[in-house]
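Q: Starting from these lines, generate the structure:
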Amino acid sequence: MTKPLTLRTLAKACRELARDHEMFAVVHDRYGTPPLWDREPGFATLLKIILEQQVSLASAKACFDKLEAHLGNVTPELLLSLNDATLKTIGFSRQKSSYARHLSEAILERRVDLDSLHLLDDAAIKAELIKLKGIGEWTSDIYLLMAMLRPDVMPRGDIALHEAYRRLAGLDARPSSDEFVELAVKWSPHRSSAARLLWHFYLSEKAVR
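A: Predicted coordinates:
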């Protein structure tokens with residue numbers, strides 16, 4: 001079974017990436033080891049990642065925080081107790097309300113068992129998650145990387161990662177999703193740490209500006 005990433009193994013992987021790839025040496029020397037950015041596995045985290053699709057992290061957090069304040073505890077049962085009008089006032093779009101309901105029902109009807117995903121390999125976990133309405137490659141990749149702490153995952157279609165790579169590589173244009181996933185193969189078996197280094201660079205540079 002794949003061992004989850006820890007602060008210790010993240011630091012070791014970052015040192016190896018910095019040794020072998022100049023762009024990661026730049027990030028590591030300038031900003032150090034990135035945070036683990038770990039999240040608790042389960043329904044609430046997967047729902048929050050769904051909320052993060054195609055919006056800012058701040059916007060998604062505000063919506064999730066309002067939901068948590070309203071429910072007290074974010075569970076499938078309690079989410080299904082809310083009608084669409086209430087979800088709208090909390091900040092859910094019609095589409096994300098539909099996704100949230102579908103996820104809640106899938107868990108309650110045992111069509112997906114988030115608690116047993118750790119027994120599966122990365123590809124099997126993605127296959128299970130992508131069966132669910134509203135969950136695609138990016139959402140399943142982020143869940144693998146942050147909630148399950150799998151060590152060799154590169155999220156597909158993450159604009160911040162593409163932009164960080166563009167700046168570090170001195171490119172005029174960002175790589176496409178397919179191009180980025182293909183070029184990231186050379187960072188295996190530490191793609192999750194590479195992603196964290198790129199996010200670390202992107203967020204640190206943004207803070208400086």
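
Q: can you pull the contacts of the spatially closest residue to Leu7 that is not a sequence neighbour?
A: Nearest residue to Leu7, sequence neighbours excluded (Cβ to Cβ, 6 or more residues apart in numbering): Leu36, at 5.5 Å. Where C-beta positions appear, they are placed from N, C-alpha and C, glycine not excepted. By Cβ atoms under 8 Å, 6 or more residues apart in numbering, the contact list for Leu36 reads 5-7, 10, 149, 196.

Q: And the residues you listed, which is closest to Lys126?
A: Using Cβ to Cβ, Leu149 is the member of those that sits closest to Lys126, with 15.1 Å.

Q: Give the phi and psi angles for the closest one, as a check.
A: phi 50, psi 40 (degrees, to the nearest 10).

Q: What of Tyr202?
A: Main-chain dihedrals, Tyr202, degrees, to the nearest 10: phi -60, psi -50.

Q: follow-up on the earlier one: what about the residue nearest to Leu7, which SS state?
A: Put simply, Leu36 is coil when judged by DSSP: H, G, I helix; E, B strand; the rest coil.

Q: tell me the SS of the residue sitting furthest away from the middle of the chain?
A: Computed with Cα atoms, centre = their mean, the residue of the chain farthest from its C-alpha average is Ala85, at 28.0 Å. At Ala85 the chain is in helix, as set by three-state DSSP.

Q: For the residue nearest in space to the middle of the chain, give me its contacts.
A: Ranked by distance to the mean C-alpha position of the chain (Cα atoms, centre = their mean), the top residue is Ile142 at 2.3 Å. Ile142 sits next to 49, 52, 155, 158 when contact means Cβ under 8 Å, 6+ apart.

Q: what about 6 Å?
A: Neighbour list for Ile142: 49, 155 [criterion: Cβ atoms under 6 Å, 6 or more residues apart in numbering].

Q: Can you point out the helix or strand that includes it?
A: Ile142 belongs to helix 137-142 when assigned by DSSP states H and E.

Q: quick revisit: can you lay out the contacts of Leu36 as CSV showing neighbour count and secondary structure?
A: Shown next, in CSV, are those (neighbours: other Cβ atoms under 10 Å; DSSP: H, G, I helix; E, B strand; the rest coil):
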residue, neighbour count, secondary structure
Leu5, 23, coil
Thr6, 13, coil
Leu7, 11, helix
Leu10, 23, helix
Leu149, 22, coil
Arg196, 25, helix
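
Q: can you list these in CSV and add distance to Thr45?
A: Output for the contacts of Leu36, formatted as CSV (distance: Cβ to Cβ, whole Å):
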residue, distance to Thr45
Leu5, 16
Thr6, 18
Leu7, 19
Leu10, 19
Leu149, 12
Arg196, 17
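
Q: List just the nearest of these to Ala69.
A: Leu149 (27.8 Å).

Q: ok, the residue lying closest to the closest one once chain neighbours are set aside - how many residues close by?
A: Leaving out its chain neighbours, the residue that sits closest to Leu149 by Cβ to Cβ, 6+ apart is Pro4, at 3.7 Å. Counted by other Cβ atoms under 10 Å, the residues lying close to Pro4 total 16.

Q: Give me the pLDDT for Pro4.
A: pLDDT, Pro4: 96.

Q: go on, Asp115?
A: 96.
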